[in-house]
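> Sequence below, structure please.
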Amino acid sequence: MIDNSTDDFKVGDTITYKIPGVFLGGNTNGAEIISSEFSDFWENWENSSNYRVTLLNILRGTYALFYVTSESESGNWQMKITTSDQANGLYYVAPSDNNLYVTFTRLKVAIPQKEVFKVSKFPYSNINHDYGVAYTTRYVPMTFNVDFPKSKGTLKAEVKDGPHVVEEKSSPKPEDYVEVKDSLGKVTYTWITKPDTNKLGNQNVKVLVEDETGRSKELTFTMTVKSLLTVKKEAGEIYQYSLLPDVNDYFEVTTEGSYTLQWSNNPNTMTAGIHKWEATVRTSDNREITKSITMRVLPHPELQLKLKPIEDRTVTLVESSDTLANTFKNYIEEATLLGEPVAIDDLEFVANESSKTEFQSVGTHEVRITVQAKHPNSNVMIKGSGTTTVNVLWGNTILIRSVDGYSAGAFALDGSNSNSAPATLSIRQGIASPLNEGVGDMTDPFGLYYRLEILRNGNEIYKQEVPKRATLQEIMNDYGDANNNTTVQMNDIIQITYPSKTPNASVVMIKEKENDFTYGTEIARYRVTPYGFDPAPVMTAESAEKAFVLGEDVKQTNLNELVKNVRINGGVADNEFYTVEPLDEFDTSTIGKRNMRVKVTTKDKLASEIIEISYQVKWGDTFVIKGLKEATVGAFSLLKNQNQWQIQASQGVDGTNLNDPVDNYFGRDTYYSIEVLQGATSKFRYEVAGNQSIRESIQGFNNGQPLTVSNGDVIKVYHADPLGKNLLMKDELVKDYTIGSNYAYYEVTDHGLEPILA
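Coordinates of the predicted model:
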């Protein structure tokens, strides 16, 4: 047996053995020439069929050395048999080295075994004494069987320190988990119980370890298979139309190599509901795992709108139904989509889901505004609605009230602020009102409740007569064209005739204030202007033939009494609706009929008329003094001023030359005197000389001021030439109460001057 204790089981290793005493110097006579220690090496010695080798001897005298090289049948080893140089010698001279040397060289590392070396020509020289001494060199085939023993001792191997964790679907190598010591040659590692990396968790595995000596050892240990792809969140929620979330937020990959992780079943957020979303990880070593989660796609919430406060928005009765399409952005303060701001300019109006702005009545109304905007990720249109209240104003509206105070029709003007463009007059409710109840008094159902006329250049171009039995709905349906509108032009007159003349039942709204321009008559007239309705009253008046008393102070007169039949819009108006202004001076200094101009104006100064009136100045209660040539030289009238009697001096009659003397025949003598007596006491005395001018005599009375007297006072009138010249005018009759004396006496009473005859 070969001693391989020094073999380190590497290719190229050599083992050399010396076989001593192979070559002998003489005849062995058939004796064994090889010790039993090496008998195995020679056991298959094959002799020639003609020769029996009894002595293996050296080659003498030939000076030639041979060596034999052979490779084992397994290819594991090479064998080389040779001698030393000292094995050669002369005839009969013993060699100095009669040993044979065998060298084995490892060609492959393999399990030790019996190796077979076949030599086709093995040279040898021998002496065959059976046939005489003959030195012969021959070649014979030889087979050498060499038993290479296995290494001594057991293979040392142990499991490395754990834990032993492998990745899902990986292919772990057994050598990574086992540490081998004292091995010879190549060590092989084989799974006996291979880990199933498709199953997660702990499992027992077994490894077989072998080296080239044939030694082996089985090792069992626990291995943990960890998930390559782990679900972080079993379920999630996301809004419809959103971008796909990051897959890494829902799955975790555990691997040491590179990988890709992505959604794998084409998930999307377009459809709301519960969906199964899958993700797949692919590693650089071609492992692939797919897992899923449950994703709830929430319906996308509406666009959120924040509308401006009510005070920021007003509309009028004439707003058209598409007004919001043009103005809706004015009402929106803020728009957000899932908390993110949306530019107001990016909003689109959704008309069929928004309120119509063709309001029928004024006041606060709820308005719904629906808009839409493109979702930033999907371009899907997202809608949103907001409700707010708007304050509907009257604008330019004529309102007719029903007998119960509701609306009998509100006629709203939609102008264009142009002098040439036409405008539209439409009908509305104006105020929330019953639609199907008669607007007038049902005791006279067929009577006229009101009439609306549109006049152009004085000609009627449209008329609607509303009977008392008509309902508001019927009135609205009957008005105007098919759209319940009429077209008007600037300066057209809208004339409303309202026979019942109920105050504030036929009004016009100007700057949101209610105005009654009927002036207490049946008719109201309004002119169409670019700025709305202007009241357009017309008026006429007649002279009242007012009568005044001589010397009367017209400042105390109600000037409205100067006119009569004052008509506004054709109806007789009460005094409260107009004023009268004189354009000429009044003259009550002489009796008779006079004409003057006055201006009659509505109190709101919207209409006026200048007319000529006549008035009459009468004597009243007047004592008259005549002078030279029967001229009236003074007229003294008893007048009441603010409930106080006064005596006023005046000319009396027209045509008197005021520069003439009273009666110059009397010179400086008293021609007449006036004395006021209160009982026996004289309160006042005035004397006029004959040579004074008539003007002086008139203007000198009480220094030109009215003289205040009281009931019970007695007026004592003296005249130097009394016959027919000291007279009393009362009830437009002239009387002489001097009774043949120079004096006349008159008492001041509640009814004027009463003559005292006794």
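
> Please name the nearest non-neighbouring residue to Val653.
Sequence neighbours aside, Thr632 is the residue nearest to Val653 in space, at 4.9 Å (criterion: C-beta to C-beta, 6 or more residues apart in numbering). C-beta here means a position set from N, CA and C on the backbone, and glycine is covered the same way.

> mind listing the helices in the stretch 601-750 of the chain by residue range?
Taking DSSP state H, counting those that start in this stretch as the criterion, the stretch 601-750 of the chain carries its helices at 694-699.

> Repeat that for the chain.
Assigned by DSSP state H, the helices in the chain fall at 39-42, 323-331, 472-478, 694-699.

> Reformat those helices as JSON lines; add distance to Tyr17.
Written out in JSON lines, the entries for these read as follows (distance: least, C-beta to C-beta, whole Å):
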{"stretch": "helix 39-42", "distance to Tyr17": "9"}
{"stretch": "helix 323-331", "distance to Tyr17": "110"}
{"stretch": "helix 472-478", "distance to Tyr17": "135"}
{"stretch": "helix 694-699", "distance to Tyr17": "187"}
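
> Do I have it right that the residue nearest to Val653 meets Gly652?
Yes: counting by C-beta atoms under 8 Å, Thr632 does reach Gly652; the two are 4.2 Å apart.

> The residue nearest to Val653 and Ala689, how far apart?
Taken as C-beta to C-beta, to the nearest Å, the spacing of Thr632 relative to Ala689 amounts to 17 Å.

> more crowded one of these two?
Neighbours around Thr632 and Ala689, counted as other C-beta atoms under 10 Å, are more numerous at Thr632. The numbers are 22 against 19.

> Please name the bridge partners of that one.
Residues in a beta bridge with Thr632, per DSSP bridges, are Lys626.

> Quick one: residues contacting the residue nearest to the spatial centre of the chain.
In the chain, the residue lying closest to the centroid (C-alpha atoms, centre = their mean) is Ala335, at 2.3 Å. Under the criterion of C-beta atoms under 8 Å, 6 or more residues apart in numbering, the contact list for Ala335 reads 303-306, 341-344, 347, 371, 373, 384.

> Select from the residues you listed every entry located in strands.
If you go by DSSP state E, the contacts of Ala335 have 304-306, 341, 371, 373, 384 in strands.

> Dump these into a markdown table; add distance to Lys226 and pLDDT as well.
Listed next are the ones in strands among the contacts of Ala335 as a markdown table, based on distance: C-beta to C-beta, whole Å; pLDDT from 0 to 100:
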| residue | distance to Lys226 | pLDDT |
| --- | --- | --- |
| Gln304 | 46 | 92 |
| Leu305 | 52 | 92 |
| Lys306 | 52 | 91 |
| Pro341 | 46 | 93 |
| Val371 | 53 | 94 |
| Ala373 | 48 | 93 |
| Gly384 | 49 | 92 |
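
> And the residues you listed, which of them are buried?
The neighbour-count criterion (16 or more other C-beta atoms under 10 Å) marks 305, 371, 373, 384 among those as buried.

> wait, the third one sits on Glu340?
No: using C-beta under 8 Å, Ala373 is not in contact with Glu340; the gap is 10.9 Å.

> Go through the ones in strands among the contacts of Ala335 and name the one nearest Ser637.
Lys306 (82.1 Å; C-beta to C-beta).

> For burial, what's the neighbour tally of the residue lying closest to that closest one once chain neighbours are set aside?
With C-beta to C-beta, 6+ apart as the criterion, Lys306 has its nearest non-adjacent residue at 4.1 Å, and that residue is Glu334. Under the neighbour criterion other C-beta under 10 Å, Glu334 is assigned a count of 12.

> Likewise for Glu732?
Counted with other C-beta under 10 Å, residues neighbouring Glu732 total 9.

> just Ser355 next, same as before
Neighbour count of Ser355, defined by other C-beta under 10 Å: 19.

> my read: it touches Leu324, true?
Yes: the pair formed by Ser355 and Leu324 meets the contact definition of C-beta under 8 Å, at 7.1 Å.

> hey, what's in contact with both of those two?
367, 369.

> OK, contacts around Ser170?
For Ser170, the contacting residues are 197, 228, 285, 287, taking C-beta under 8 Å, 6+ apart as the criterion.

> Please report how far Gly571 lies from Lys725.
Taking C-beta to C-beta as the criterion, Gly571 is separated from Lys725 by 54 Å.

> quick one: average confidence on stretch 725-741?
Here the mean pLDDT over stretch 725-741 is 94, rounded to a whole number.

> For that stretch, list every residue counted as buried.
Applying a neighbour-count criterion of 16+ other C-beta under 10 Å, one finds 725-730, 737-738 buried in stretch 725-741.

> Now the terminal residues of it, how far apart.
12 Å (C-alpha to C-alpha, to the nearest Å).

> wait, Ser84 sits on Tyr101?
Yes: counting by C-beta under 8 Å, Tyr101 is a contact partner of Ser84 at 6.9 Å.

> give me the number of residues near the closest residue to Lys169 other than its chain neighbours?
Once flanking residues are discounted, Lys169 sits nearest to Arg287: 4.4 Å by C-beta to C-beta, 6+ apart. A count of nearby residues for Arg287, using other C-beta under 10 Å, gives 19.

> What of Asn691?
What Asn691 shows, counting by other C-beta under 10 Å, is a neighbour count of 16.

> which residues does Ile613 contact?
Counting by C-beta under 8 Å, 6+ apart, the residues that Ile613 touches are 543-546, 562-563, 595-598.

> quick one: which of the residues you listed is nearest to Gly395?
Val563 (37.5 Å).

> dump the residue contacts of that closest one.
Contact criterion C-beta under 8 Å, 6+ apart gives 541-544, 580, 598, 600, 611, 613 as the residues in contact with Val563.

> Isn't Gly236 up against Val247?
No: at 11.0 Å, Gly236 and Val247 do not qualify as touching, with contact defined as C-beta under 8 Å.

> which of these two has more neighbours?
Between Gly236 and Val247, counting by other C-beta under 10 Å, Val247 is the more crowded of the two (18 against 15).

> Is the residue nearest to that one when sequence neighbours are not counted bridged to anything, and to what?
Distance criterion C-beta to C-beta, 6+ apart; nearest residue to Val247, sequence neighbours excluded, is Ala279 at 5.1 Å. Using DSSP bridges, the beta-bridge partners of Ala279 come out as Trp263, Lys291.
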